[in-house]
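> here are the coordinates; sequence isn't available:
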């Protein structure tokens, strides 16, 4: 993946060392899960709930960034810039304007403007309330060492996936799916959540399809394979089996490894935003 020298977004907020010191609010754990679209929320819910019940972080001192973290921020800035270039063009083609999102870099935990307290345990997440993406840079190491997702493109896929949630928010999809939650059992809504996440994977693939045409980033097919492997590495079945030695399909909220890789690849192959209606796919009903 060639990204050095690409256009920077400039929509990066560095909030490391600036976390707040309040407990979880907004209706408790359930309310926060509804509001935060977390990359790993479906993987190990029991562990996540335990961590969410702990006190949110207190004020920290001055944060000293490492050279590797500085490199990752540069990388995220340029990848985010490429998503802006791609989606601005796609939206313009469809006669509308793309409102950009911001990416907030933090460490440990952070108070969001619209979704309560977010924590690194969620993985990278999108907050519809403030329309921002949140990323703890330590997740890059976790991607490689814990999940086995190698290559720079793995993190690019993660950022593009979270931008996919922003697209859903802009198009009104997240508002519709959240409204459905109150009318469904947890088991029924889990299927809706899976469709939501797989569509975000699809949008990440659409970005990868167009990035060479609308930005300075250059990808090879090996990068796309890395993206498919990264998508598979964070499938619900893989994460649950890794944590517990078994998986429970009824509790899946993000999709299986096979599904996640498939929808990312479909987005890449088609490059057509209209080809990713996961909500009408018979295999996901």
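Yes, it's here. Keep in mind the model is a prediction, meaning the values are calculated, not measured.
> pLDDT-wise, which helix or strand of this structure ranks last?
helix 28-35 (a mean of 36; mean pLDDT, DSSP states H and E).
> Residue 204 sits in which helix or strand?
Residue 204 is part of helix 186-214 when elements are defined by DSSP states H and E.
> can you tell me how far the closest residue to residue 105 other than its chain neighbours sits from residue 103?
Among residues not flanking residue 105 along the chain, residue 14 sits closest, at 5.2 Å (C-beta to C-beta, 6 or more residues apart in numbering). The way it works is simple: take the backbone N, C-alpha and C, and place the C-beta from them, glycine included. Going from residue 14 to residue 103 by C-beta to C-beta, to the nearest Å gives 10 Å.
> okay, those two: which has more neighbours?
A direct count of neighbours by other C-beta atoms under 10 Å for residue 14 and residue 103 places residue 103 higher, at 24 against 14.
> excluding its backbone neighbours, what's nearest the more buried one?
Residue 103's closest residue in space is residue 133 (C-beta to C-beta, 6+ apart), at 4.6 Å.
> Name whatever forms a beta bridge with that neighbour.
residue 103, residue 126 (DSSP bridges).
> thinking it is in contact with residue 162, fair?
Yes - counting by C-beta atoms under 8 Å, residue 133 touches residue 162, with 4.4 Å between them.
> Report the set of residues contacting both of these two.
103, 124, 125, 126 (C-beta atoms under 8 Å, 6 or more residues apart in numbering).
> separation between the residue nearest to residue 216 when sequence neighbours are not counted and residue 84?
Leaving aside its chain neighbours, residue 216 sits nearest to residue 6 (4.0 Å; criterion: C-beta to C-beta, 6+ apart). Remark: distance between residue 6 and residue 84 (C-beta to C-beta) = 11 Å.
> before we move on, what about residue 278?
Taken as C-beta to C-beta, the span from residue 278 to residue 84 is 24 Å.
> again with residue 273
15 Å.
> Residue 241 too?
37 Å.
> OK, contacts around residue 173?
If a contact means C-beta under 8 Å, 6+ apart, then residue 173 has 196, 199 as its contacts.
> Show the backbone phi and psi for it.
Backbone torsions for residue 173, taken as degrees, to the nearest 10, come to phi -70, psi -40.
> Show me what the helix holding residue 204 is packed against.
Secondary-structure packing of helix 186-214 (3 or more C-beta pairs under 8 Å, 6 or more residues apart in numbering; DSSP states H and E): helix 67-93, helix 153-171, helix 173-181, helix 221-233, helix 257-270.
> and that helix, average pLDDT?
Averaging pLDDT along helix 186-214 gives 95.
> Thought residue 157 was touching residue 79, still the case?
No - counting by C-beta under 8 Å, residue 79 does not reach residue 157; the two are 9.4 Å apart.
> The residue nearest to residue 105 is in contact with residue 72, isn't it?
No - assessed by C-beta under 8 Å, residue 14 is found out of contact with residue 72, at 11.4 Å.
> who does the helix or strand where residue 118 lies pair up with?
Assessed by DSSP H and E, residue 118 sits inside strand 117-119. Strand 117-119 pairs in its sheet with strand 109-111 (antiparallel), by DSSP bridges.
> now the helix holding residue 204 and helix 173-181, what's the angle there?
180 degrees (axes from the mean of the first three to the mean of the last three C-alpha atoms, to 10 degrees).
> switch to numbering from 6
Let's use 6 as the start, then, which means that last one is helix 191-219.
> any idea of the angle helix 191-219 forms with helix 158-176?
110 degrees.
> Give me the phi and psi for residue 223.
phi -120, psi 130.
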